[in-house]
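>>> Quick one: sequence and predicted model below, then my questions.
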Amino acid sequence: MKTIILAGGCFWGVEAYFKRVKGVKSTIVGYAGGFIANPTYAQVCSGNTGHAEVCKISYDDTILSLEKILEHFFKIIDPTSLNKQGNDVGSQYRTMIVYNSISEKKIISKFIEKNQINYSKPIAVQVTQFVNFYPAESYHQEYLEKKPDGYCHINLNIIKKDELQKPV
């Protein structure tokens with residue numbers, strides 16, 4: 001079992017999308033990349049904490065590779081947009097990949113370099129080593145499962161059938 005932390009705008013959609021991907025075992029939304037311990041949603045939304053809204057994904061790497069996770073991630077974000085995804089604007093909505101090891105960093109860097117050719121603007125995804133992760137408040141966890149009509153800038157239906165989790 002491995003983990004990766006991804007920031008792709010509002011964390012509700014990132015979590016809802018990845019919960020559907022075969023090989024993902026669990027998700028938790030939270031805050032990472034900032035300098036305030038245990039921030040609240042209101043503090044993060046102020047833009048003064050340095051944190052981004054993130055989704056921590058635990059996955060079985062015998063089923064789902066890091067490269068495949070990155071492919072999925074790039075399908076649901078605009079990797080050239082700085083501090084904006086969908087209608088969400090601010091540094092807390094930046095795109096970010098938080099790695100745990102040098103080997104992961106190499107895979108991520110190679111993936112970004114290889115995919116830059118697909119974009120006319122530079123890829124703006126921040127790649128950073130894990131420093132901190134703080135779970136978001138309970139009402140944010142699995143938010144779109146609790147509120148299926150809630151806001152989401154991500155098309156949750158773009159996952160291919162063979163990549164979907166089997167119904168539990």
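Yes, it's here.

>>> Does Pro122 touch Ile112 like I think?
No. Counting by CB atoms under 8 Å, Ile112 is not a contact partner of Pro122; they are 10.0 Å apart. In this view, the C-beta of every residue, glycine as well, is placed from N, C-alpha and C.

>>> Between those two, point out the one with more neighbours.
Counted by other CB atoms under 10 Å, Pro122 and Ile112 do not tie: Ile112 has more neighbours, with 17 against 11.

>>> Could you double-check that that one lies in contact with Val127?
Yes. Ile112 sits in contact with Val127 when judged by CB under 8 Å, with a separation of 7.1 Å.

>>> in this structure, which spans are strands?
2-8, 24-32, 52-59, 84-85, 88-89, 95-99, 126-129, 134-135 (DSSP state E).

>>> Including mean pLDDT, mean neighbour count and distance to Val44, could those strands go into a markdown table?
Shown next, in a markdown table, are these (pLDDT from 0 to 100; neighbours: other CB atoms under 10 Å; distance: least, CB to CB, whole Å):
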| stretch | mean pLDDT | mean neighbour count | distance to Val44 |
| --- | --- | --- | --- |
| strand 2-8 | 98 | 23 | 11 |
| strand 24-32 | 98 | 20 | 5 |
| strand 52-59 | 98 | 24 | 7 |
| strand 84-85 | 96 | 20 | 15 |
| strand 88-89 | 94 | 16 | 12 |
| strand 95-99 | 98 | 22 | 13 |
| strand 126-129 | 98 | 14 | 16 |
| strand 134-135 | 98 | 15 | 9 |
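
>>> Give me the distance between the two termini of stretch 69-86.
End-to-end distance for stretch 69-86, by CA to CA, to the nearest Å: 20 Å.

>>> buried sites along it?
Residues of stretch 69-86 classed as buried: 69-70, 72-74, 76-79, 81, 83-86 (neighbour count, 16 or more other CB atoms under 10 Å).

>>> Out of the strands of the chain, the one nearest Glu163 is which?
Glu163 sits nearest to strand 24-32 of all the strands of the chain, at 10.3 Å, using CB to CB.

>>> If I take the closest one and strand 52-59, what angle do their directions form?
Relative orientation of strand 24-32 and strand 52-59, computed by axes from the mean of the first three to the mean of the last three CA atoms, to 10 degrees: 160 degrees.
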